[in-house]
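S.K.: heads up, no residue letters with this:
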C-alpha cells in the first residue's frame, strides 16, 4: 500500500521513515490532504477498501492497516525492515461529510502536535545551553542529533495514548469537537509533564544559567531553564 505526495505532475511515493509512527500521517492515508508544500494522496488500495465499505462488505468494528518498508544503506543495500500498524473504526473510510470532518480535524490536531514537539526540541536545546553546552559550528551536528532524539522520546510517550484514543472513536456517534478537545488536553498534559521533568533533571546549574555572547551584539543572550520553560509554555499556549 503506497501513499503519494507532490505538486502538479511531480508525484512521488511517500517513503517509510524508521523513526516516524504511522499514526502521524493518519488522515493522509485515507483521503487527499493539502499541506504547505505538497498534496498527499492515499493509495489506490484505500480506494478499493472504501468501495467495499460503501457496499457493506466489511464486518462491523475496527479495521487494521499494516505498514512495511525498508531503510537502505549506501548502494541500495537494505539496512532495516520497518513495521507498523494501527487500528481504527471502519467508519473513517466512508465517503461522506462526517468522515471528512473527522479527518480534517485530526489533521489539524496532528499539525498542532508537530508544533508542540518542535517547541520541545527548542526547550531541550536552550536548557542544554543553560547548563554550559556550546552550540556552534563544531558541535551543531551532534547537538541537532540529540535534539531529534529528545523529540522522538516525546513522540514515543504520545504514541499509545493517541492510538488508544483513535481506536475508541466512533465517527458516526462521537462528537468531533469534544473528542478532539479531549485528545488535545490529554497529549498536552503529557508534553507539559515531560517538559517539567526536563527542567527538573537539568539541575541547579541550568537554573542559574549562562550568558552567551552573540556575534555583532554588545550584550549577550541569557539562557536559563526557567526562561526556557516560560518561552516553551508561551509557544504551546498559542500553537493554534
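M.R.: In hand now; what should we look at? Remember, predicted model here, so these are calculated numbers, not experimental data.

S.K.: Which helix runs longest in this protein?
M.R.: Looking across the chain with DSSP state H, the single longest helix is helix 97-130.

S.K.: Show me what counts as buried in the very next helix or strand once past that helix.
M.R.: Downstream of helix 97-130, the next assigned helix or strand under DSSP states H and E is helix 140-167. Of the residues in helix 140-167, 143, 147, 150, 151, 154, 155, 158, 162, 163, 165, 166 count as buried by neighbour count, 16 or more other CB atoms under 10 Å. (C-beta placed from N, C-alpha, C; glycine too.)

S.K.: how near is residue 214 to residue 223?
M.R.: 11 Å (CB to CB, to the nearest Å).

S.K.: So between these two, which is more surrounded?
M.R.: residue 223 (22 against 10; other CB atoms under 10 Å).

S.K.: At the geometric centre of this protein, which residue sits there?
M.R.: residue 114 (4.4 Å; CA atoms, centre = their mean).

S.K.: per-residue pLDDT, that residue?
M.R.: pLDDT, residue 114: 95.

S.K.: rewinding a little: would you mind listing the buried residues in the longest helix of the chain?
M.R.: 99, 102-103, 105-107, 109-110, 112-113, 116-117, 119-121, 123-130.

S.K.: domains for the chain, by residue range?
M.R.: 1-93, 96-240 (automatic domain parsing).

S.K.: mean pLDDT lowest for which of those domains?
M.R.: Among the domains of the chain, domain 1-93 scores lowest, at a mean of 80.

S.K.: any idea how far that one is from the chain center?
M.R.: Its chain's C-alpha centre and that of domain 1-93 lie 15 Å apart, by CA atoms, centre = their mean, to the nearest Å.
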